[in-house]
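S.K.: From the sequence below, what's the structure:
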Amino acid sequence: MSARAGAPYKVVVTEPLPPESLTSLYEGAEVTAFPRSPDMDQLMEALQDADGLIVRSGTRVTREVLAGAPRLRVIGRAGVGVDNIDLEACTERGIFVVNVADGNSVAVAEHTFALMLSLLRRVVAAHQSLAAGKWERSRFVGEELRGKTLGLVGFGRVGSEVARRALVFGMKVLGFDPYVTASRFQAMGVQQMELPELLANADIVSLHIPRTPETRNIIDAEALATMKPGAYIINCARGGLIDEAALEAALREGRLAGAALDVFETEPPGQHPLAELPNVVLTPHLGGSTQQALNYIAASVADQVMRLLRGEPARGVVNLPYLSDEDWRAIGPLVPMAETLGLIYREGLGGPMEKVEVVVRAADLPSARAVEILTGAVLKGMLEGIVQDPVNLVNAPLLASRRGLEVSQRTETAREAVGPVISVAGLTEPRRTVSATLSVDGTVRLTNLDGLPIDMVPGHCLLLTRHQDRPGMIGRVGSILGRHGVNIAAMQVARREVRGEAIMVLALDDPVPPEVLAELRGTENMVETRVVILPHFNSGSGAGAAG
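M.R.: Now for the predicted structure:
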């Protein structure tokens, strides 16, 4: 499959992936695919004008690498772990990082059992003996999984898949995971325990957690000493979770019956001392390497990268709050509306940029994580164009914090069955507010400005005035615009009291030239006049492009 020259995006793939699963990538982008991991010079040259990057575990994406990729907008990790990617640097740059968290769960669970059975049935040693021409049946009497106690350190996707299979084998399953509820363990038929208790009671310990500063060497010499004498340990998760020197000592001293590792502190590990031991099985990071998993992962990461490059939401963004598919379906159309509100708050109302509250009101409230995404979209609208860095959902909260902008968020349950309403309110004087809702047909409608009710579909160009309510004001504004050939698509006027301050909102088919804006501002009884260009609305249509 060849790269598509002249495509709007350029994507670099640094490690082998099944090309037949990358159809969406090759159809929408110009692709540079390396047959094996490139050296630093090759990588930096390829990334100079790249919009997207797809890696597996063999490519390290450091701050230095990112500095040489000025156009990079998306990094796709074809797998689960992202410890080879500098997430902090990506977030600062507003680069989306996506992975495929569910792509190889079954593959890793099955490999866990491949290693478990190899250990207990001494498959590798028996093969080597037979290959040497020997027939030593009595030497390789093994043990059954049935009746054994399996201790799972980590109970996420892979840990859950391992538990399902262990129960079918007739094993008792213990689980440790501080981020999983007790009801989840109970529903799976797994006994929840703290780590020391699990280590002391399990015949076989299997690790299924990410490597973080907190989990590095979580199985150290002290932890190994608390394990049940004659127990086995398996690691198909991440290298660095087990202190390999301490493990070697425990095996040589006979305190453990055996160990199986698919991952290592340093990869490739070279001539590893554990390989010298007869009760050890080692594989070269094969847990997720099945054809089915690779095909799924390649197709999924390619799809996510292309969606993000096109400005569409993707479910596997690591440096955004995790959202379920249901959450994404619920808030996807609301994201551009939230961004529009942020822009209207800043440009249309001149709202203060010190303390802001985002309120989501709906009959069926989205999750707290979904509200975080909507708040990020509001901040993107508020900050884009006034900060030097590119702004998106990833880095908008960070950039807001650096500017000293305090942002809070809350939800309100609507008793009536109405569409979701998002409001942006300044919490410092002069207090400014703007609200909008999404109609059933997907149309965005402005519903409130500074506490005054309106009902209007905004257009690409929005003119907002604040003026004294006097006879003829509407006619004067309309006459000025008409004299200069600026057509009005829709208009709303609202006031708090007769002859008090009023607001006028006009959706225009044409942009407002600077000289026209100056004439409007000089009109008698005019307090303030502002123009907002809304990128999420079609020019001249008067209808919202909500998606």
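S.K.: Could you chop this structure up by domain?
M.R.: What automatic domain parsing lists as the domains of the chain is 9-103+292-309, 105-282, 325-533.
S.K.: What are the contacting residues of the host helix or strand of residue 326?
M.R.: Assessed by DSSP states H and E, residue 326 sits inside helix 325-331. Applying CB atoms under 8 Å, 6 or more residues apart in numbering, the external contacts of helix 325-331 come out as 313, 315, 323, 364, 366, 367, 369, 370, 373, 374. Placement of C-beta: from N, CA and C, glycine included.
S.K.: Try it again at 6 Å.
M.R.: 313, 315, 366, 367, 370 (CB atoms under 6 Å, 6 or more residues apart in numbering).
S.K.: Would you map the helices across the stretch 351-500 of the chain?
M.R.: With DSSP state H, counting those that start in this stretch as the criterion, the stretch 351-500 of the chain has helices at 368-383, 396-402, 473-483.
S.K.: Which helix or strand in the protein has the lowest average pLDDT?
M.R.: When the helices and strands of the chain are scored by mean pLDDT, DSSP states H and E, helix 325-331 comes last with a mean of 78.
S.K.: Dump that one to PDB, keeping only the CA atoms.
M.R.: The C-alpha trace of helix 325-331 is given here as PDB (Å, rounded to 0.1, in the frame of the first residue of the first chain):
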ATOM      1  CA  ASP A 325     -18.500   5.900  24.000                       C
ATOM      2  CA  GLU A 326     -21.800   6.900  25.600                       C
ATOM      3  CA  ASP A 327     -20.300  10.100  27.000                       C
ATOM      4  CA  TRP A 328     -18.700  11.000  23.700                       C
ATOM      5  CA  ARG A 329     -22.100  10.600  21.900                       C
ATOM      6  CA  ALA A 330     -23.700  12.800  24.500                       C
ATOM      7  CA  ILE A 331     -21.300  15.700  24.500                       C
END
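S.K.: buried sites along it?
M.R.: 327, 330, 331 (16 or more other CB atoms under 10 Å).
S.K.: On the C-terminal side of that helix, identify the next helix or strand.
M.R.: helix 334-343.
S.K.: hang on, the earlier thing: make CSV out of the domains of the chain and add distance to residue 319.
M.R.: Formatted as CSV, the domains of the chain follow (distance: least, CB to CB, whole Å):
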stretch, distance to residue 319
domain 9-103+292-309, 5
domain 105-282, 15
domain 325-533, 5
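S.K.: Could you single out the most deeply buried of those domains?
M.R.: Highest mean neighbour count of the domains of the chain: domain 9-103+292-309, a mean of 20 (counted as mean count of other CB atoms under 10 Å).
S.K.: check contacts around residue 158.
M.R.: Contact analysis of residue 158 by CB under 6 Å, 6+ apart lists 105, 108, 109, 208.
S.K.: mind checking how far residue 176 is from residue 168?
M.R.: Distance, residue 176 to residue 168, by CB to CB, to the nearest Å: 21 Å.
S.K.: To clarify, my last question referred to residue 325.
M.R.: On the measure of CB to CB, residue 325 and residue 168 end up 28 Å apart.
S.K.: re the thing from before, measure how far the helix holding residue 326 is from the centre of its chain, please.
M.R.: Relative to its parent chain, helix 325-331 has a centroid offset of 13 Å by CA atoms, centre = their mean, to the nearest Å.
S.K.: Please go through this protein and pick out the longest helix.
M.R.: The longest helix of the chain (DSSP state H) is helix 291-309.
S.K.: Can you tell me which helices and strands that one packs against?
M.R.: Packing partners of helix 291-309 (3 or more CB pairs under 6 Å, 6 or more residues apart in numbering; DSSP states H and E): helix 23-28, strand 52-55, strand 74-77.
S.K.: Determine which of these approaches residue 87 most closely.
M.R.: The closest of the helices and strands packed on helix 291-309 to residue 87 is strand 74-77. By CB to CB, the value is 9.6 Å.
S.K.: Please save the CA atoms from that closest one in CSV.
M.R.: Extracted C-alpha coordinates of strand 74-77, given in CSV (Å, rounded to 0.1, in the frame of the first residue of the first chain):
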residue,chain,number,x,y,z
VAL,A,74,-1.5,13.9,17.3
ILE,A,75,0.6,11.0,18.5
GLY,A,76,-0.9,7.5,18.3
ARG,A,77,0.4,4.7,20.5
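S.K.: Which neighbours in the sheet does that strand have, and how are they oriented?
M.R.: Sheet pairing of strand 74-77 (DSSP bridges) gives strand 52-55 (parallel), strand 96-99 (parallel).
S.K.: Do you have the strands of the stretch 1-150 of the chain handy? List them.
M.R.: Remark: strands assigned in the stretch 1-150 of the chain by DSSP state E, counting those that start in this stretch are 9-13, 29-33, 52-55, 74-77, 96-99, 149-153.
S.K.: okay if I get those as JSON lines plus mean pLDDT and distance to residue 530?
M.R.: Below are the strands of the stretch 1-150 of the chain laid out as JSON lines (pLDDT from 0 to 100; distance: least, CB to CB, whole Å):
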{"stretch": "strand 9-13", "mean pLDDT": "96", "distance to residue 530": "35"}
{"stretch": "strand 29-33", "mean pLDDT": "94", "distance to residue 530": "39"}
{"stretch": "strand 52-55", "mean pLDDT": "97", "distance to residue 530": "37"}
{"stretch": "strand 74-77", "mean pLDDT": "96", "distance to residue 530": "34"}
{"stretch": "strand 96-99", "mean pLDDT": "92", "distance to residue 530": "32"}
{"stretch": "strand 149-153", "mean pLDDT": "98", "distance to residue 530": "58"}
